[in-house]
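> Dropping a prediction and its sequence here:
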Amino acid sequence: MANLLRRALSAVAATTALVFLASCVTFSLHPLYDGTNSVFEPGLIGSWSDPSRKDNPPKFVFEKASDNSYKLTISDPTSDLPEDEVFEVHLVKLNGRLFFDAVQTGALVGGKETHLEFGIPSHLIGRISLDGDIFHYDPLDETWLKKGFESGKITIPHELAGDGEFADVVLTASTADLQKFVSAHASDDGAFPPSETLHRVK
């Protein structure tokens, strides 16, 4: 099982350094969305950036993709990686709040998109809110989950990939159980600590 989880994490290993996935992120083997609750928010379309980073801030570009999904391209001029990263993003509304499910699908090198050929797609989950030209996103916090696992207060199915304090949490719950869990903690800032604020690039 550990080898399987490491393969799953390898598909998104490079993404955790990006500001979009800042903080202790959590991976899920199953999606948060399903065929009935994926929603589309037109206000998310466009380019976004972090105004607090004055020098070479990363840019996040959301485009309309198939059905209710988005194509997200993240470019970070300060990254050691030569390419931009590409994600498929779905939005889900649970308990009155909006959440994202992001899966890295490839990279953009020299204007040419390449797709991931290895690894198991891993879903990154977080809460978002839109207020005009301001976009907040709060990833599901791994540290909060680990404390809940240790105390027994959180019992959602999961595995730990790696050893010790640096082990990565991989949620193995079904989509239905994942939705119930996220819905129950939809307004919990411990589960989804306020993280980054992006502004629309005009």
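Now that the structure is in, tell me what you want to look at. Numbers count the residues shown, from 1 in each chain.

> mind checking which helix or strand the residue lying closest to Asp189 once chain neighbours are set aside is in?
Nearest non-adjacent residue to Asp189, counting by C-beta to C-beta, 6 or more residues apart in numbering: Asp138, 7.7 Å away. All C-beta atoms are positioned from the backbone trio N, CA, C, and that covers glycine. Secondary structure assignment for Asp138, by DSSP states H and E: strand 134-139.

> quick one: that strand to chain centroid distance?
For strand 134-139, the separation from the chain centroid amounts to 11 Å (computed by C-alpha atoms, centre = their mean, to the nearest Å).

> got the buried residues for the very next helix or strand once past it?
Using DSSP H and E, the helix or strand that follows strand 134-139 towards the C-terminus is helix 142-151. For helix 142-151, a neighbour-count test (16 or more other C-beta atoms under 10 Å) marks Glu142, Trp144, Leu145, Lys146, Gly148 as buried.

> now stretch 78-92
Buried, per 16+ other C-beta under 10 Å, within stretch 78-92: Ser79, Glu83, Asp84, Glu85, Val86, Phe87, Glu88, Val89, His90, Leu91, Val92.

> same deal with stretch 174-181?
Result for stretch 174-181 [16+ other C-beta under 10 Å]: buried residues Thr175, Leu178, Gln179, Phe181.

> Farthest-apart pair in those residues, please.
Thr175 and Phe181 (10.8 Å; C-beta to C-beta).
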